[in-house]
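Colleague: how would this look folded up:
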Amino acid sequence: MTAAKRITIIGGTGYAGSAIAREAAKRGHKVTSVSRSVPPEPIAGVTYVASGIEGAGASIADADVIVGAFSPRGTNRGALVKVYADLAKQAADTGARLILVGGFSCLRRTTGAPRMLEAEGFPDGVPAEIVAEAQENLDVLNNLLADTTGVDWLFVSPAMEFSAWQPGEDRGRYRIGDEVALFDENGKSAISGVDYARAVLDEIEHPTRQRAQIGVAY
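Modeller: All right, here's what the predicted structure looks like:
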């Protein structure tokens, strides 16, 4: 049986964050969600802290694992790099593991190829805020790859179809593709929130990779 861990999720009320919180609580971990507000329907077993990142110090200091599911949208736009740099420093100082929800476009098509955002960009018509968020995610990843603190980090990129608008279903399975994006036999790249969260919790409980990027898809 896996020992319970203290897991603090920054942005724990968003799509990815809430899925991870639910899966972690279901497995018996001590879960704290830090976000600007408490959800109207809180998850049983999750402690909620209504705070901006600047007020999350105590929750982070006590954590075995810090999960970053922070969304750089709206008033948070442009803040992701600094927020995650601060989390990485705190994780390094306390010995916590840092797991970040990444972006699909940070993955590669094939081993050794450029990351998709660098090689392909986005098609015309994609909202500017989506493009900006993808670039922020890539900046975060590049900072982690250049890290010299030794922080134990994992950057977990979901499949292309992964959002509250494409929630998918609980299939009870997933694949991990390291830096290379995964597609099924029909050329589709998708993962549901619950199966993505399952992959994250499996890595928390039984780490297979350190200081690395992985992709999760069916």
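Colleague: just the strands in the protein please.
Modeller: Taking DSSP state E, the strands of the chain run over residues 6-10, 30-35, 46-50, 65-68, 97-101, 152-158, 175-176, 212-217.
Colleague: comparing those, which comes out most buried?
Modeller: The highest mean neighbour count among the strands of the chain, using mean count of other CB atoms under 10 Å, belongs to strand 65-68: a mean of 28. (C-beta placed from N, C-alpha, C; glycine too.)
Colleague: what packs against that strand?
Modeller: Using 3 or more CB pairs under 8 Å, 6 or more residues apart in numbering; DSSP states H and E, the elements in contact with strand 65-68 are strand 6-10, helix 80-94, strand 97-101.
Colleague: can you say which of these is nearest to Asn137?
Modeller: For the helices and strands packed on strand 65-68, distance to Asn137 was read as CB to CB. The smallest value, 7.0 Å, belongs to helix 80-94.
Colleague: could you check the angle strand 6-10 makes with the closest one?
Modeller: For helix 80-94 against strand 6-10, the angle by axes from the mean of the first three to the mean of the last three CA atoms, to 10 degrees is 160 degrees.
Colleague: just the angle for helix 80-94 relative to strand 152-158, thanks.
Modeller: The directions of helix 80-94 and strand 152-158 differ by 140 degrees, with the same axes, to 10 degrees as the criterion.
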